[in-house]
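S.K.: Next come a sequence and a model predicted from it.
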Amino acid sequence: MRGKKVISLQSDQPAQRAVGITHIERNLARLNLIQSVKQTHQTQWHKTVELDSHGAIRIECTAAAGDVVPHGTDNDVLLGLVTAAVIQDMPDDDKVTMTVVELLRMSGVQPSARAYKEVHETLRRLQRTSYEIRDSWFDQGRVQWRSVTMSIIVRVEVNGIAAIGETIGRWQPHTQVTVQLDRTVMQSVRDGYLRAVDRRLLEQLKQPMARNAFLTLSVLRLQNDENLADTYRVPLMRWAAHLGLHWDRPDKVVRALAPVHESLKRAGLLEGVEFKGRGTAQVITYRFYPSAADTLDVPGSGDDPRAVSGSGGSPSQPETRPFDAHAVTLLTAEGVAPGRAVRLARQFTLAQVEVAVRTLAALRATPYRERVTNPAGLLLDILAHPDRYVLPGAAARTSTPAAPPATGTGKQETAVPNTRQPASPEPPPDVERTASAALTLLSRRLDTTTDGRAVRDEAVEAFIAGLVGALDLIRIGKAATVPEARALLDRLRTRQEHAP
């Protein structure tokens, strides 16, 4: 039996920290049980829509008497509850316990008196609303589609005040709530039917409909091999019904979706949106950046438009060539601006980028590490001029490399003769280690078990803290077993913590 762990957002324990990562249960994201609109008067709804190769989605939703169906920011609170369940090791009694302010923060909601009242109302709606889902809930454990009837929340216990539904507005920041989630939902969480996304990305999306669309698309674009498709097509009116836009006029739907699409583009999730056809027969095509694996590491309007060229480069017109998302993540992890990283990933192969990163790592393992004051700039020069950085021996990680051209002040030292001077790359922004970069590097195999998810989350925290690097994460993700991944992570952290 798993022990009960009460989360604390102030905790220093990696397994208990919610910062950076939000967990979504994939059925909840695909089915979109909570309407995207900010306000509603609806007391019930039903939909039958076909959005992917898994067949039709059939759902009926009925609110309690005198109430309305879940909508708007209710979905954010649901995300917070699922994330809390993962952090608390998916308790066998299906209950998660936290303070109100912790739930709000985990849900991405700014704490306030109004927020305390609204989260109270949200929990009430999720408890008192009934869903009938027919042949549309995927059971990861049994590998089959099921029909289920449920309320997302079974029970809410509040420490110190009256039961839910009474004395709205009396909740305080440190009011403790225990929420028992539906057994079907919790079993799916325990089975690992989850996706982990970067909380910062969700915070970029200010409207509930934009967040709902992103979460739904993040699951719908998953292919059978678990890779992310670069495009997704859906009939306009089906998509509208799925998001809770119950309108017959396609022009009204298009207008409602316009700010959603703009938000997703600004956040770097969408490369473009195309409409084909006319009237109710219109079809939307979403084009995603190949590197947009639920991260922020994609092109931005403020990036340097110049690309690096040199002997290691590839032919012209790099902006039209495909690129490897791992190459982008390796580059951004070392501080290369996202837009430039995408252009470099088009110009150089993944193998070239990996060699350059290993070369940089090898330089950091030598007495020259104190002179690597601008790692991103040095990495760009390694890519552009690989012949200037000769590593004696086969393995960059363990060999003694040639001294790099000086990137800061001071006298240059050389282990291998090298008299050529590098071009001076423009300094990029300060290095920012993100959860999104770490999640992209780690294998999805770690998502499938409780122990694997614990290793994954600790590895993310170690990456953000600077205890492990990008290539370390790749090694952890490629470990044959979860215990091997755990042992490798522990060794890497211990090595860094005891480094001079």
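M.R.: Yes, it's here. Numbers count the residues shown, from 1 in each chain.

S.K.: Output the longest strand belonging to this structure.
M.R.: Counting by DSSP state E, the longest strand found in the chain is strand 130-139.

S.K.: What lies in contact with that one?
M.R.: Strand 130-139 is contacted by residues 26-27, 31, 33, 54-62, 144-152, 184, 188, 191, 193 when judged by CB atoms under 8 Å, 6 or more residues apart in numbering. C-betas here are computed from N, CA, C, even on glycine.

S.K.: Cross the residues you listed against helices and list the overlap.
M.R.: Taking DSSP state H as the definition of helices, these contribute R26, N27, L31, T184, S188.

S.K.: list the contacts for the second one?
M.R.: When the contact criterion is CB under 8 Å, 6+ apart, the partners of N27 are W137, F138, V185, S188, Y193.

S.K.: so can I have JSON lines of the residues you listed showing pLDDT and distance to L379?
M.R.: Formatted as JSON lines, these follow (pLDDT from 0 to 100; distance: CB to CB, whole Å):
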{"residue": "W137", "pLDDT": "96", "distance to L379": "46"}
{"residue": "F138", "pLDDT": "92", "distance to L379": "42"}
{"residue": "V185", "pLDDT": "96", "distance to L379": "44"}
{"residue": "S188", "pLDDT": "92", "distance to L379": "41"}
{"residue": "Y193", "pLDDT": "86", "distance to L379": "37"}
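
S.K.: mind checking how far the spatially closest residue to L103 that is not a sequence neighbour is from V460?
M.R.: Of all residues not flanking L103 in the chain, G80 sits nearest, at 5.4 Å (CB to CB, 6 or more residues apart in numbering). G80 is 18 Å from V460, where distance means CB to CB, to the nearest Å.

S.K.: cool, P259 as well?
M.R.: 31 Å.

S.K.: When these two are compared, which one has more neighbours?
M.R.: Ranked by neighbour count (other CB atoms under 10 Å), P259 and V460 place V460 first, with 28 against 13.

S.K.: Tell me the pLDDT of the more buried one.
M.R.: You'll see V460 listed with a pLDDT of 88.

S.K.: isn't it right up against A435?
M.R.: Yes - applying CB atoms under 8 Å, one finds V460 in contact with A435, separated by 5.2 Å.

S.K.: about what we covered before: in strands, which of the contacts of strand 130-139 appear?
M.R.: Judged by DSSP E, the subset of the contacts of strand 130-139 located in strands is 56-62, 144-150.

S.K.: Of these, which count as buried by neighbour count?
M.R.: Neighbour-count burial (16 or more other CB atoms under 10 Å) applied to the ones in strands among the contacts of strand 130-139 gives I57, R58, I59, C61, V148, M150.

S.K.: Quick check: pLDDT value at the first one.
M.R.: Which is I57. Per the predicted model, pLDDT is 96 at I57.

S.K.: Tell me what it is bridged to.
M.R.: V49 (DSSP bridges).

S.K.: Relative to R142, how far out is it?
M.R.: 19 Å.
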